[in-house]
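Q: generate coordinates for the sequence data below:
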Amino acid sequence: MLSTGPLKTLATLSASQLFIFNAQPLVNLAYLSASTYAPAPLGLITNLQENQKKLTLALLEKAKDICAKHGVDVETMTEVGDPKDKICEAVEKLNIQLLIFGSHGRGAILSVSDQCVHNAKCPVLVVRKPV
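A: Residues are numbered from 1 along each chain as shown. Below you'll find the predicted structure:
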């Protein structure tokens, strides 16, 4: 029997707000200490983190521009931390009705999309890139 739950969810989405969310994983900087045999300079770590944030914000702005060109109004946001945790937290905090993921099609069991499929408090749609 076909469940009507997803259809009801899709029917309410047309008037919903769209978020583009990016979760920045914590940067593993252990290699910096190993390469210099000493703690990494604080300025270097700060610089790497600031550059990562700038790249992320530029990516989100580009995504927002693409949506605007197609008449879609979106809000962008980013969090730093484990992506699967941050995405599931955002779903609850923002009362997300449908979570949509792009997939690389590698089928990784521990992938972010797989973890969110099993843990997010809303329906999850995983879209694979056409072959």
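
Q: tell me the contacts of the residue most central in space within the chain?
A: For the chain, the residue nearest the mean C-alpha position is residue 22 (3.6 Å; Cα atoms, centre = their mean). Shown in contact with residue 22 (Cβ atoms under 8 Å, 6 or more residues apart in numbering): 56, 59, 60, 76, 77, 78, 79. Bear in mind the C-beta positions are built from the backbone N, C-alpha and C, glycine included.

Q: pretty sure the fifth one contacts residue 18?
A: No - counting by Cβ atoms under 8 Å, residue 77 does not reach residue 18; the two are 11.5 Å apart.

Q: show me what the longest helix along the chain is packed against.
A: In the chain, with assignment by DSSP state H, the single longest helix is helix 42-69. Helices and strands touching helix 42-69, by 3 or more Cβ pairs under 8 Å, 6 or more residues apart in numbering; DSSP states H and E, are strand 18-24, strand 74-80.

Q: CSV for these, including mean pLDDT?
A: Listed next are these as CSV, based on pLDDT from 0 to 100:
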stretch, mean pLDDT
strand 18-24, 87
strand 74-80, 90
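
Q: any idea which of those gets closest to residue 115?
A: Relative to residue 115, the nearest member of the helices and strands packed on helix 42-69 by Cβ to Cβ is strand 18-24, separated by 11.6 Å.

Q: pull out the buried residues from the closest one.
A: For strand 18-24, a neighbour-count test (16 or more other Cβ atoms under 10 Å) marks 20, 21, 22, 23, 24 as buried.
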